[in-house]
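Visitor: Show me the folded form of this:
(2 chains)
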Amino acid sequence: KNQVEQSPQSLIILEGKNCTLQCNYTVSPFSNLRWYKQDTGRGPVSLTIMTFSENTKSNGRYTATLDADTKQSSLHITASQLSDSASYICVVSELAGGYQKVTFGTGTKLQVIP
Amino acid sequence: DGGITQSPKYLFRKEGQNVTLSCEQNLNHDAMYWYRQDPGQGLRLIYYSQIVNDFQKGDIAEGYSVSREKKESFPLTVTSAQKNPTAFYLCASSIGKLDTQYFGPGTRLTVL
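Guide: Okay, here's the model as predicted:
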């Protein structure tokens, strides 16, 4: 069964500090990997998307990396802000029967405190 | 103002009643999806539609039904057959089946 596992489950950091969230997956055949940010009680919003050939992708203070050989991805947040407090979800896609089947991780809940 | 909308934001239902959740998009996307989110679990796919008048079951379709009569609309009905319907429901759409999914704000359904 294809899985996407994220760590840590939750994280508390001080405003201004950096942090790194991890995502390991077993999805195969791999199509792409996305990171989403989900504020409490809201829908997820896409941050980055990476295909097999991409190692890194940035979106402002967010930088995602991908190692397709080890099936690992990370999301690095630089100079955290209070507004970064949210759940971060790793989503891995595979092509199955002409349809993009996505598997969602359970997310890392990040809290940034002043 | 383009986007994907869901209504209502909060919904309460008595046991044994059917209820329909609305999802509308004006992004001209072909594909639409319904997910369910429970605490401590990843989003799980209920139904998806790649084109008008066509839809497919996802991983947890039992107790749910959908229709896709218009490109812009993909309503989800939670029937009395769904044994544990209390959850946060998310609708999404994408240009095509391989593209990034854009999510609505969600509907929190509580069964009393």
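Visitor: Just the buried residues of the helix or strand bottoming out on mean pLDDT in chain A, please?
Guide: Within chain A, judged by mean pLDDT, DSSP states H and E, the helix or strand with the poorest mean is strand A:99-104; its value is a mean of 82. Buried residues in strand A:99-104, counted by 16 or more other C-beta atoms under 10 Å in any protein chain shown: A:Gln100, A:Lys101, A:Val102, A:Thr103, A:Phe104. (Each C-beta comes from the backbone N, C-alpha and C, glycine too.)
Visitor: cool, stretch B:82-91 as well?
Guide: Burial within stretch B:82-91, assessed by neighbour count using 16+ other C-beta under 10 Å, is assigned to B:Gln82, B:Pro85, B:Ala87, B:Phe88, B:Tyr89, B:Leu90, B:Cys91.
Visitor: cool, and stretch A:63-77?
Guide: Neighbour counts using 16+ other C-beta under 10 Å place A:Thr63, A:Ala64, A:Thr65, A:Leu66, A:Ala68, A:Lys71, A:Ser73, A:Ser74, A:Leu75, A:Ile77 of stretch A:63-77 among the buried residues.
Visitor: who's B:Tyr47 bridged to?
Guide: Judged by DSSP bridges, the bridge partners of B:Tyr47 are B:Trp34, B:Lys57.
Visitor: which parts of chain A sit against chain B?
Guide: Applying C-beta under 8 Å from any C-beta of the partner chain, we find that chain A lies next to chain B at A:4, A:31, A:34, A:36, A:41-46, A:49, A:89, A:95, A:98-100, A:102-107.
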